[in-house]
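1. starting from these lines, generate the structure:
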Amino acid sequence: MVDHDNVFLLVIFSVFALAATIQVFYYLFYYLSVYLYKPSVIKTIKEPVSIIICARDEAENLSNFLPAVLEQDYPDYEVIVVNDCSEDNSYDVLGKYLMQYPHLKISTINKDPKFTHNKKFAQFIGIKAAKKDILLFTDADCQPESDKWLEGMTSHFDDKISFVLGYGGYLKEKGLLNRYIRYDSMTIAMQYLGMAIRGIPYMGVGRNLAYRRSVFFTNKGYGAHNHLISGDDDLFVNTNASGRNTCVEFRNGTHTRSIPCSGIKEWITQKKRYLTTASYYKLRDKLLLITEPATRIFFYSAFIVLLSFTFLWPYVLAVFGIRLLTQIIIFALVQKKLNESGLITYSLFFDIFSPVINSIVYLSNIWSKPGKNIWK
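-> Reported below is the predicted structural model:
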C-alpha cells in the first residue's frame, strides 16, 4: 500500500532540492562573477563627457553634493543641471556655483500648470543640451565616492561599448530600515552587474549610469516607454543594451552614494515606482528575475515543512547548509567589493523576507490605480 504522506513529502523534498540547486547556481554563476570580475585593459584617452543631473526642489542636496561632481579630476567635461520647476532656492545655489565653475551649465524648465511632465522630459532636456557624446547620469542627492568617479565610469568607452553600468549605493545611517535599503540596493546590483558580466544586461540605475548620446537619438530616445513615470534608466538599458555593447564599472572610487529614504512610507512609494517598469522588461529577463525570488520562497517553505515532519532531516539540513554557506561567503565577498559594510548578519533574515516584501509591493502596484504623471 502506498504511503501517501511519504510520497507528498518526497515531492516536497524534490522541490526543496531543486530550489536549492537553482539558488546556488545564481550565486555561483551570476553573483560570484561580481567579485571575480576584472575590467579589461582601460584606455588612456579621455573623451569629453557631459554629466547630467535633473533636480526639482533639491537646493540643499545641490549645495551638499554638487561640488563633488564639479571637482572631478578629469580634463574635459561639462556638468548640466536641469533645474526642473523648482520652487525652493535652487536657482540661487546654482547661480553661486555658476560663478565658480565655468564648466557648469544650467537648463531651466519653468512651471506651467497646463503642462505636467515626468523626469524623462527633464532628462531629455539635459541630453539635448549636452555638447559631448558620452553622457554620465547621476541624481542631485548623490555623491561620488571620489574625484576619480568620472574617469572610472567613462574609461571603458570605445568603438564597441555604448553603455557602462555603475554601482549606486546608499549612505550608511542608523536603523533597520537603512540596513534593509542598503541590502536591497546591493542585492539588486549583484543581479544587474552579474547578469551584465555574463552578457545579459537588463537594467542600470540612474544614480550611476553612462551611455552615448548618439545611441539615445539613434534609438529614438525613450521610445515606447516615454509615457511611463519611471524607466529613464532601466528600460532604456533593457531595450538597447546587449552583451556586446555594455560594460560594468564598480571599482573603488567609482560608486555613488545617495541619501536613503527616512521612513517606511517613503521607501514603499519609491519601491513601487521602481517596480512599475518590471513588467516591460524583455521576457528572457523577466523569467530570469522572477526565478530567483520564486525559488527562494519555495526553498524556505519546503524547508519548514520537511523539518516539521523530520523527513530525511539529515539530508535537508545538509542541503540547507550548502546553500547557506554559499550565500554567506559570496555575499561577504561582494559586500567588500562594493564597499558596503555591516550587512552580512542582517542579510540572513532579509533573504527570507525580501521576496515576500517585494511581492506585496508589486501586487499593491497592480491593484492600485495608476498614479499621476509625477516627476519623482
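2. next, Phe299: secondary structure please.
-> helix (DSSP: H, G, I helix; E, B strand; the rest coil).
3. I should have written Thr108 there, sorry.
-> strand.
4. can you tell me the helix or strand for the residue nearest to it when sequence neighbours are not counted?
-> Nearest non-adjacent residue to Thr108, counting by C-beta to C-beta, 6 or more residues apart in numbering: Asn83, 4.8 Å away. Where C-beta positions appear, they are placed from N, C-alpha and C, glycine not excepted. Assigned by DSSP states H and E, Asn83 belongs to strand 77-84.
5. show me what that strand is packed against.
-> For strand 77-84, the contact count by 3 or more C-beta pairs under 8 Å, 6 or more residues apart in numbering; DSSP states H and E identifies strand 49-55, helix 59-70, helix 90-100, strand 104-109, helix 119-129 as packing neighbours.
6. relative to that strand, what are the paired strands and their orientations?
-> The sheet places strand 77-84 alongside strand 49-55 (parallel), strand 104-109 (parallel), with pairing taken from DSSP bridges.
7. would CSV of those with distance to Tyr77, mean neighbour count and mean pLDDT be doable?
-> As requested, these are exported to CSV (distance: least, C-beta to C-beta, whole Å; neighbours: other C-beta atoms under 10 Å; pLDDT from 0 to 100):
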stretch, distance to Tyr77, mean neighbour count, mean pLDDT
strand 49-55, 4, 25, 97
strand 104-109, 11, 17, 94
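8. nearest to Leu176, of those?
-> Across those, Leu176 has its closest neighbour in strand 49-55 (29.7 Å, C-beta to C-beta).
9. how far off helix 119-129 does that closest one point, in degrees?
-> In terms of direction (axes from the mean of the first three to the mean of the last three C-alpha atoms, to 10 degrees), strand 49-55 departs from helix 119-129 by 150 degrees.
10. pull the residues that contact strand 49-55.
-> 61-62, 66, 69, 74, 76-84, 86, 90, 119, 122-123, 126-127, 130-132, 134-140, 150, 154, 213 (C-beta atoms under 8 Å, 6 or more residues apart in numbering).
11. coming back round to it: how much space separates the residue nearest to Thr108 from Gln123?
-> For Asn83, the distance to Gln123 equals 13 Å [C-beta to C-beta, to the nearest Å].
12. for Ala140, same thing?
-> Taking C-beta to C-beta, one finds Ala140 at 13 Å from Gln123.
13. quick one: low-confidence ranges for the stretch 1-150 of the chain?
-> Per-residue confidence for the stretch 1-150 of the chain (pLDDT under 70) gives these ranges: 1-4, 41-42.
14. could you rerun that using 90?
-> 1-7, 39-45, 85-87, 109-121 (pLDDT under 90).
15. can I assume Asp73 sits in a helix?
-> No: read with three-state DSSP, Asp73 is coil and lies in no helix.
16. correct me, but it touches Lys148?
-> Yes: the criterion here is C-beta atoms under 8 Å, and Asp73 meets it with Lys148 at 6.1 Å.
17. which one of the two has more residues nearby?
-> Lys148 (17 against 10; other C-beta atoms under 10 Å).
18. contacting residues for that one?
-> Neighbours of Lys148 in contact, by C-beta under 8 Å, 6+ apart: 72-73, 253-254.
19. mind redoing it with 7 Å?
-> Residues in contact with Lys148 (C-beta atoms under 7 Å, 6 or more residues apart in numbering) are 73, 253-254.
20. that one and Ala332, how far apart?
-> Applying C-beta to C-beta to Lys148 and Ala332 gives a distance of 25 Å.
21. can you give me the helices for the stretch 251-376 of the chain?
-> For the stretch 251-376 of the chain, the helices defined by DSSP state H, counting those that start in this stretch cover 264-275, 283-308, 313-337, 344-367.
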